[in-house]
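Colleague: pasted the sequence and its predicted model underneath.
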Amino acid sequence: MSEKLIRVDMSDQSVQVVDLPEDWQLLGGRALSARILLEECDPACDPLGPENVLVFAPGALAGTAAPTSGRISVGAKSPLTGGIKEANSGGNPGQHLAKLGYRALIVTGQPADPAKRYGIEVDTPGARVVERGDLAGLGNYPACAKLAEHYPESASFISCGPAGEQRLSGASVATTDQDNRYPARHAARGGLGAVMGAKGLKFVAIDPGRSRARTPADPKPFGAAVKRFSKHYMESDKPFATGTSTIVPAANGMHTFPHKNFSEGQSPHAAELDGARIIDSFEERGGGMHNCLTGCIVRCSNVVHDSAGEYKTSGLEFETLTLLGSNIDMKSWEQVAELDRLCDDAGLDTIETGAAIGVLMDAGRMQFGDFEGVQDLFEELRKASELGRAIGNGAAAVAALVGHGRVPVAKGQSLPAWDPRILRGAGVTYASSAMGADHTAGMPGAYGLDDAATAQQSREEQMRMAVIDSSGFCMFAKPSMDDVREFYGAFFGCEVSRDDIARYGWQALCDEWEFNRRAGFTAEHDVLPRLVCEEPIGPTQAVFDICAEAIASVKQWQAPSEKFYSKRGAA
């Protein structure tokens, strides 16, 4: 069966199903999204206008038996950065689209009536647009609960929360997990939920029915690769068996647990923000670790219950405990769990939202640690007040509203938890990546290296993450580039050399950089905020001081090292 693309024009709600171009056969996820955007989206367009192109692209291996390989990439021109953006998510929509034979869902246009809300249904008979005005303004949780009443249990959902409907630049795209219980997995960064909302698209419902896994071209070597990869992971130390939330003590010890709008690198409340407390709660409250998508062998996602034993949130990650916790001086993981639930329901990136609130507090408009005041901000968001919209539009928007100069953003996007003053290689990625400040774009842990070596490490990590994000693998499954090219070769029935897989990742980066160049980005945009370049942190009084020449060198091809191919695991 030839694989297909779904093209939807929201201007007239028309749908076309077309063949995947032959020269796109190996592209998936981030690489496919970047190619579509470069070829079909005007980089100068209004991100919230009809010319922007919204892409939902499962990884190239999604829907197969490859373990933990079903992630989905969401791509568009970002209303937050003004450049290209890819954000990816777990959950089952990527698996389901791929099993139905669709390599991407491409959404263009915009309804004439901005008040109308639509959904896209994808199932074995095909795809269609339906009007669902009854879902307008609903949070992700009640909206997905209504969808679950209407569609079979086998269906999964992609949804846009109220923040996306308000076209706020910090809005995320939510996906449901493998049990379709919680719309708590998010393609969060870059405001892609606002693009979805601007297109009048409230949801995508994907029902694979009894569709089987995709069939590899060479089943025997593919099956052998599956067994070998799974065995290696199951015999490893499984560093994410308790999720990312338990990284807190290590990050705090390294002074990269930002506190009070990145003014410090440690929180006095780190022990109560530590995800180990979440793990401790499972015995008394219920909840536990689970896999967010079918076929996952990592099981890094936590299901968090409150003191009454009722579900509160899931996927409460380290980045959320940092930006919505330490960065705004919250005192416990339970406070952060409440804020995480509010963000998930509204459809907001917890990193951008935490950074925005941190700027507000740093400007003296609210006290650090004011938990009740932060909860009240979500009512401002609901009312779409001036302050609420600024919070929803991110850290730079709040800084502009209140006239504050300490703004932790790169290319308009908030810095994540990993402080570039401590992790200089991560800083090079934040500066040079087309994605702006995004740790998932490639986070090297460079210590004690000179500028040139740090830049080389960033380049290789960015290439590696481009490959992983394109494959559909979760980075926590620890695939090496040799693993990925083995899976690609067996699945697609072709030889994939080491040079091929390196060039694959490099081409994805080049497509993204070229999009941004056409959008008006120059080397002057490849910088980090003054606060990390001028304000020292930690016992070594570290600042980010990598020279501009080294940052620029990231965009120059250099054959990668042996470690690039053989390395397993997240940086």
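Modeller: Yep, it's here. Numbers count the residues shown, from 1 in each chain.

Colleague: could I have stretch 500-507 exported to PDB, CA atoms only?
Modeller: Written as PDB, here are the backbone C-alpha positions of stretch 500-507 (Å, rounded to 0.1, in the frame of the first residue of the first chain):
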ATOM      1  CA  ASP A 500      23.600   8.900   4.900                       C
ATOM      2  CA  ILE A 501      22.200   9.100   8.400                       C
ATOM      3  CA  ALA A 502      24.500  12.100   9.300                       C
ATOM      4  CA  ARG A 503      23.500  13.900   6.100                       C
ATOM      5  CA  TYR A 504      19.800  13.100   6.900                       C
ATOM      6  CA  GLY A 505      20.000  15.000  10.200                       C
ATOM      7  CA  TRP A 506      22.100  17.800   8.700                       C
ATOM      8  CA  GLN A 507      19.600  18.300   5.900                       C
END
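
Colleague: list the buried residues for that stretch?
Modeller: Ile501, Ala502, Tyr504, Gly505, Trp506, Gln507 (16 or more other Cβ atoms under 10 Å). Using the backbone N, CA and C atoms, a C-beta is placed for each residue, glycine as well.

Colleague: hmm, who's touching it?
Modeller: 26, 31, 462-467, 470, 481, 484-485, 488, 557, 559-560, 564-565 (Cβ atoms under 8 Å, 6 or more residues apart in numbering).

Colleague: of the buried residues of stretch 500-507, closest to Ser553?
Modeller: Nearest to Ser553 among the buried residues of stretch 500-507, counting by Cβ to Cβ, is Trp506 at 14.0 Å.

Colleague: which SSE is that closest one in?
Modeller: helix 498-518 (DSSP states H and E).

Colleague: next structured bit after that helix?
Modeller: Helix 498-518 is succeeded, C-terminally, by helix 530-534 (DSSP H and E).

Colleague: mind listing what's buried in that following helix?
Modeller: Across helix 530-534, burial judged by 16+ other Cβ under 10 Å covers Leu531, Val532.

Colleague: dump the residue contacts of the residue lying farthest from the centre of the chain.
Modeller: In the chain, counting by Cα atoms, centre = their mean, Lys220 sits farthest out from the average C-alpha position, at 33.3 Å. Contacts for Lys220 (Cβ under 8 Å, 6+ apart) come out as none.

Colleague: can you list phi and psi of Gly75 for me?
Modeller: phi -140, psi 150 (degrees, to the nearest 10).

Colleague: same question, Leu449
Modeller: Torsion angles, degrees, to the nearest 10, at Leu449: phi -100, psi 150.

Colleague: which non-adjacent residue is nearest it?
Modeller: Gln457 (6.8 Å; Cβ to Cβ, 6 or more residues apart in numbering).

Colleague: looking at this, that neighbour is in a helix?
Modeller: Yes - assessed with DSSP: H, G, I helix; E, B strand; the rest coil, Gln457 lies in a helix.

Colleague: ok, now how distant is it from Gln413?
Modeller: For Gln457, the distance to Gln413 equals 22 Å [Cβ to Cβ, to the nearest Å].

Colleague: cool, and Ala519?
Modeller: 14 Å.

Colleague: the two: which is more packed in?
Modeller: Gln413 (30 against 21; other Cβ atoms under 10 Å).

Colleague: wait, what's in contact with the more buried one?
Modeller: So Gln413 contacts Ser78, Leu80, Thr81, Arg189, Gly190, Glu352, Gly394, Met435, Gly436, Ala437, Asp438 (Cβ under 8 Å, 6+ apart).

Colleague: of all these, which two lie farthest apart?
Modeller: Within the contacts of Gln413, Gly394 and Met435 form the most distant pair, 14.6 Å apart (Cβ to Cβ).

Colleague: and the residue nearest to Leu449, how many residues sit next to it?
Modeller: By other Cβ under 10 Å, the residues close to Gln457 number 24.

Colleague: ok, Gln13 next?
Modeller: That count, for Gln13 with other Cβ under 10 Å as the rule, works out to 17.

Colleague: what pLDDT does it get?
Modeller: pLDDT, Gln13: 98.

Colleague: who does the closest residue to it other than its chain neighbours form a beta bridge with?
Modeller: Excluding the flanking residues, the one nearest Gln13 by Cβ to Cβ, 6+ apart is Val129, at 4.0 Å. The partner list for Val129 in beta bridges (DSSP bridges) reads Ile120.

Colleague: I'd say Val129 and Val15 touch.
Modeller: Yes - counting by Cβ atoms under 8 Å, Val129 does reach Val15; the two are 6.3 Å apart.

Colleague: what's the neighbour count on Gly101?
Modeller: By other Cβ under 10 Å, the residues close to Gly101 number 17.

Colleague: any idea how this protein splits into domains?
Modeller: In the assignment given by automatic domain parsing, the structural domains of the chain cover 4-206, 259-407, 424-566.

Colleague: what's the span of the first one from first residue to last?
Modeller: Looking at domain 4-206, the gap from its leading to its trailing residue is 15 Å under the measure Cα to Cα, to the nearest Å.

Colleague: next one: stretch 339-354
Modeller: OK, stretch 339-354 end separation, Cα to Cα: 9 Å.

Colleague: now the end-to-end length of stretch 544-564.
Modeller: One end of stretch 544-564 to the other measures 25 Å (Cα to Cα).

Colleague: whoops, I mixed them up, stretch 431-441
Modeller: Start-to-end, stretch 431-441 (Cα to Cα) is 11 Å.

Colleague: going forward, the N-terminal residue is numbered 45.
Modeller: Sounds good: first residue 45 from here, last item stretch 475-485.

Colleague: what's the helix or strand for the closest residue to Tyr195 other than its chain neighbours?
Modeller: Leaving aside its chain neighbours, Tyr195 sits nearest to Ala249 (5.2 Å; criterion: Cβ to Cβ, 6+ apart). Assigning secondary structure by DSSP H and E places Ala249 in strand 245-250.

Colleague: then Glu416?
Modeller: Residue-wise, Glu416 maps onto helix 415-427 under DSSP H and E.

Colleague: contact partners of that helix?
Modeller: 206-207, 210, 212, 372, 374-375, 379, 382-383, 386, 390, 392, 401, 410-411, 431-433, 435-436.
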